[in-house]
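Chemist: Here is a sequence together with a model predicted from it:
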Amino acid sequence: MPTFDLDEEITRARFGMPAEVLPVSAQEQHLLYPVLGLDLVLNADGKDVLQYLSPNDFDTHRAQL
């Protein structure tokens, strides 16, 4: 699986401003882009994750976070 290291500046340049930012911990946060169907998890201590899903399913996904 490819790995990468993102930060908020890079993600905003590529995807724009997130609709919502959900902090999970001091090291991890979800940047939510429902129109794109993207949940981008930034982790300062580990791997970052881009999770794509159908924009139609985004509300269900958001409720599970």
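Modeler: Received, thanks.
Chemist: could you pull out the strands for the chain?
Modeler: For the chain, applying DSSP state E gives strands covering 20-23, 28-33, 38-43, 49-52.
Chemist: Tell me which residue lies nearest the centroid of the protein.
Modeler: Centroid-nearest residue in the chain: residue 40, 1.6 Å away (criterion: Cα atoms, centre = their mean).
Chemist: how close does that one get to residue 19?
Modeler: Look at residue 40 and residue 19: by Cβ to Cβ, to the nearest Å, they are 11 Å apart. C-beta here means a position set from N, CA and C on the backbone, and glycine is covered the same way.
Chemist: Need the overlap of contacts for those two.
Modeler: Counting by Cβ atoms under 8 Å, 6 or more residues apart in numbering, the common neighbours of residue 40 and residue 19 are 32, 33.
Chemist: if we can go back for a sec, tell me, how many residues neighbour the closest residue to the residue nearest to the centre of the chain other than its chain neighbours?
Modeler: Of all residues not flanking residue 40 in the chain, residue 31 sits nearest, at 4.4 Å (Cβ to Cβ, 6 or more residues apart in numbering). For residue 31, the count of nearby residues is 22 (other Cβ atoms under 10 Å).
Chemist: Write down the beta-bridge partners of residue 31, one by one.
Modeler: Beta-bridge pairing for residue 31 (DSSP bridges): residue 21, residue 40.
Chemist: Correct me if wrong: it contacts residue 42.
Modeler: Yes. Using Cβ atoms under 8 Å, residue 31 is in contact with residue 42, at 6.5 Å.
Chemist: Find residues that contact each of those two.
Modeler: Overlap of the contact sets of residue 31 and residue 42 (by Cβ under 8 Å, 6+ apart) consists of 8, 11.
Chemist: Return the residues in contact with residue 43.
Modeler: 27, 28, 49.
Chemist: Narrow the residues you listed to those that are buried.
Modeler: Among the contacts of residue 43, those classed as buried by 16 or more other Cβ atoms under 10 Å are residue 28.
Chemist: Let's have the contacts of residue 43 in a markdown table, adding distance to residue 58 and pLDDT.
Modeler: Output for the contacts of residue 43, formatted as a markdown table (distance: Cβ to Cβ, whole Å; pLDDT from 0 to 100):
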| residue | distance to residue 58 | pLDDT |
| --- | --- | --- |
| 27 | 24 | 92 |
| 28 | 19 | 93 |
| 49 | 16 | 89 |
